[in-house]
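[1] turn this into a structure:
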Amino acid sequence: MSNVLEMRGIRKAFPGVVALDGVDLSLNAGEVHMLLGENGAGKSTLMKILSGAYRKDSGEIRVRDQAVEIGSPRDALRLGIRVIYQELNLISHLSVAENVFLGAAPTRFPGFIDWRQLSESTSRLLADLGMEIDADTPLYRLSLAQRQMVEIAKALRQDASILVMDEPTSALTSREVDQLFALIERLVARGVAVVYITHRLDEVYRIGHRVTVLRDGKHIETRALSEVTVDALVRLMANRDLKEHFPKRRTTPGKELLKVEGLGRKGVLHDLSFCLRAGEVIGIAGLLGAGRTELARVLAGADRSDSGRMFRDGEAVSFHTPADAIRKGIGLLPEDRKAQGLVAALTVARNMSLPHGRRLARAGFLPSRCEERLAEPMVNDLRVKATPTQAVKLLSGGNQQKVVLGKWLAGDARVFIFDEPTRGVDVGSK
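    Purely as a prediction, here's the structure:
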């Protein structure tokens, strides 16, 4: 396998934090190179430098033995580098086809898009990738998992010699993951080099050849996956032993906290009934489109039910808005944190305080530093790699997810509704 990429001594600093400190990464044609590390270790920052979204402070990048300067995304595209980001870069009011060919739509005459060719080309591409999505569907009508597949199709529209995938399966079902891995195998067989970032350790050994581990912005080790165990990988990432990855704690369920009878919402939910008791975890499973997210949104007051009844602590309740559910001690960690769980331009402290303004306020005003005092214990307990005064948009995806969780843990919620809660979260934090 020939070497197609060499990144040496890459350094990148932001105000108050060194994101990368002398990181090395090499990549061979026809291999899947796993890039691992805890949230905030520097994985996404390294890939943003490779894609031209960030500029390195120092270090060297060589592509096919030629020293290159990647000063913009256009430079990266010209070098055959394609990146599928963890946070999707799509435009919701455009169609699937318009998103896939954004900036490169086929034209009939200069300035006039050939809509028929655009639709047909997108349909062929989606079919080749095994995706059952209508090319003319507006993006906002698709689920998060389907949008993830559109992002993949967009990256693969043109031939790539280096493909970076940042948490590509975080919102996919097992069937869609199988399709994606079959696609990766076909690409690797054609000589494409793949950098694959994930927190799902089963995926590491399923498709990977080599692995590089980052920790706190530093390169820790690069090894062949045949030479390293799962426990050793966890130890390298977390710098500590995790005896049991996901310990289950036995509890005796207490009183009934939430009860649902015959709940329905036109077209998606039909006659659902269950009860949830204190100290209990209920798992809600189903294929894409089965209604899991729709149920979570109804329980949290984000959507209205058309039929059925809900009881909170034995009292019949009807939620017209999320604020009604919050007042009853119900918190939702949504599937799409970027669109529904965070205000990216606000600070960590303000995001965590958003549901608790009524409790924190004094005579209608927020006392000085009350938001920071609320957020500080959550930042420490959840190991968020940020300060309470830092803007959420500057955090890694996993750290953003911790902020959404901390928002509910900081209050008096008794019923937590988690929709894909570990999306982008590292093994130690899980």
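[2] how about low-confidence regions in this structure?
    Where the chain drops to pLDDT under 70, the residues are 1, 242-246.
[3] wait, Glu261 sits on Ser307?
    No. Using C-beta atoms under 8 Å, Glu261 is not in contact with Ser307; the gap is 9.9 Å. C-beta coordinates here come from the backbone N, C-alpha and C atoms, glycine included.
[4] show me where the stretch 301-430 of the chain has helices.
    322-327, 348-353, 357-360, 370-381, 397-409 (DSSP state H, counting those that start in this stretch).
[5] other SSEs contacting the fourth one?
    When contacts are defined as 3 or more C-beta pairs under 8 Å, 6 or more residues apart in numbering; DSSP states H and E, helix 370-381 packs onto helix 348-353, helix 357-360, helix 397-409.
[6] run through who's touching that helix.
    347-350, 352-353, 356, 360, 384, 386-389, 406, 409-410 (C-beta atoms under 8 Å, 6 or more residues apart in numbering).
[7] I'd like to know which of these are buried.
    The neighbour count (16 or more other C-beta atoms under 10 Å) marks 347-350, 352-353, 356, 384, 386, 388, 406, 410 as buried among the contacts of helix 370-381.
[8] now for these, which pair is the farthest apart?
    His356 and Ala386 (19.1 Å; C-beta to C-beta).
[9] start and end of stretch 291-311, how far apart?
    20 Å (C-alpha to C-alpha, to the nearest Å).
[10] what's the neighbour count on the residue lying closest to Arg383 once chain neighbours are set aside?
    In space, and not counting its chain neighbours, Arg383 is closest to Ser429: 6.5 Å by C-beta to C-beta, 6 or more residues apart in numbering. For Ser429, the count of nearby residues is 19 (other C-beta atoms under 10 Å).
[11] measure the most far-flung residue of the chain relative to its centre to Glu98 for me?
    Using C-alpha atoms, centre = their mean, the residue of the chain lying farthest from its centre is Phe109. It sits 39.4 Å away. Distance from Phe109 to Glu98, counting by C-beta to C-beta, to the nearest Å: 18 Å.
[12] could the helices and strands packed on helix 370-381 go into a markdown table alongside distance to Ser58?
    Formatted as a markdown table, the helices and strands packed on helix 370-381 follow (distance: least, C-beta to C-beta, whole Å):
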| stretch | distance to Ser58 |
| --- | --- |
| helix 348-353 | 29 |
| helix 357-360 | 44 |
| helix 397-409 | 25 |
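[13] correct me if wrong: Gly329 contacts Trp408.
    No. With contact defined as C-beta under 8 Å, Gly329 does not reach Trp408; the gap is 9.8 Å.
[14] settle it for me: which of these two has more neighbours?
    Trp408 (23 against 17).
[15] so who does the more buried one touch?
    331, 333, 355, 416.
[16] likewise for Gln390?
    So Gln390 contacts 16, 347-348 (C-beta under 8 Å, 6+ apart).
[17] got those as JSON lines, with distance to Leu187 columns?
    Shown next, in JSON lines, are the contacts of Gln390 (distance: C-beta to C-beta, whole Å):
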{"residue": "Gly16", "distance to Leu187": "39"}
{"residue": "Thr347", "distance to Leu187": "40"}
{"residue": "Val348", "distance to Leu187": "38"}
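[18] nearest to Val68 among those?
    Each of those was checked against Val68 using C-beta to C-beta; the closest is Gly16, at 29.7 Å.
[19] could you report the separation of that closest one from Ile284?
    Relative to Ile284, and taking C-beta to C-beta, Gly16 is found at 40 Å.
[20] quick one, which of the two is more surrounded?
    Ile284 (16 against 10).
[21] need phi/psi at the nearest residue to Arg108 once chain neighbours are set aside.
    Nearest residue to Arg108, sequence neighbours excluded (C-beta to C-beta, 6+ apart): Asp114, at 4.3 Å. When quoted as degrees, to the nearest 10, the phi and psi of Asp114 stand at phi -90, psi 90.
[22] Asp114 against Ala97, yeah?
    No. Distance between Asp114 and Ala97: 11.1 Å, which falls outside the contact criterion (C-beta under 8 Å).
[23] in terms of neighbours, single out the busier of these two.
    Counting neighbours by other C-beta under 10 Å for Asp114 and for Ala97 shows that Ala97 has the greater number, 26 against 14.
[24] quick one: contacts for the more buried one?
    Counting by C-beta under 8 Å, 6+ apart, Ala97 makes contact with 118-119, 121-123, 135-136.
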